[in-house]
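> Attaching a predicted model along with its sequence, questions to come.
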Amino acid sequence: ASLVLRMREVEAEPEILLVTEVKGGSDWDLPMGGTVGGETGVEASKRHAEENAGVIGKVVAELGWFVRGKEQELGVQVYVLETLKETDWAQEFVRERKWFTVSDAMTMCDDSSNSNLENILSAFSNWFASRKTKKSDVSCSNGGSILGS
């Protein structure tokens, strides 16, 4: 799965891209799917971000493994993908995509039954805070660094 990230401004809260399974649906989630052939998790993450959400990006971190499914029977590996470019995509007539601040996405999770997404967003918030403390470089859409110099 891809946690697709973008920053509008250096000091702004990060935004993440969520997609619906169907157009007009109300269940928002990360772009995700399985691997094909011999592709790696990173390759699958990048492919699903492009196919399911129309984003080309680079993986900047592995967030970890999370349990999914109604009975918590599926494992999914989540990667943080920095947005390089938004494009038209094959599934734009089937799915919707929308950028959310992390806090808005967390609030949305509180109002839905998607505790799996809530766990992933919580882990991302912790990861992002640790990057901020270390002053790691992740660029923002205006060409600057997400975390400043």
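The structure has been received and is ready for your questions.

> can you give me the strands for this structure?
Assigned by DSSP state E, the chain shows strands spanning 2-6, 15-20, 28-29, 55-68, 74-86, 97-101.

> Report how many residues lie close to residue 47.
Residues lying near residue 47 (other C-beta atoms under 10 Å) number 16. To be clear about C-beta, it is placed using only N, CA and C from the backbone, and glycine gets the same treatment.

> Just give me how far stretch 92-108 sits from the chain centre.
Taking C-alpha atoms, centre = their mean, to the nearest Å, one finds stretch 92-108 lying 10 Å from the centre of the chain it belongs to.

> follow-up on the earlier one: identify, out of the strands of the chain, the most deeply packed stretch.
Comparing these by mean neighbour count (mean count of other C-beta atoms under 10 Å), strand 2-6 ranks first with a mean of 26.

> neighbouring contacts of that strand?
Here strand 2-6 makes contact (C-beta atoms under 8 Å, 6 or more residues apart in numbering) with 14-17, 30-32, 45-46, 48-49, 53, 55, 57, 60, 63, 78-83, 99, 120, 124, 138, 140-141.

> now the angle between strand 55-68 and that strand, please.
Interaxial angle of strand 2-6 relative to strand 55-68 (axes from the mean of the first three to the mean of the last three C-alpha atoms, to 10 degrees): 130 degrees.
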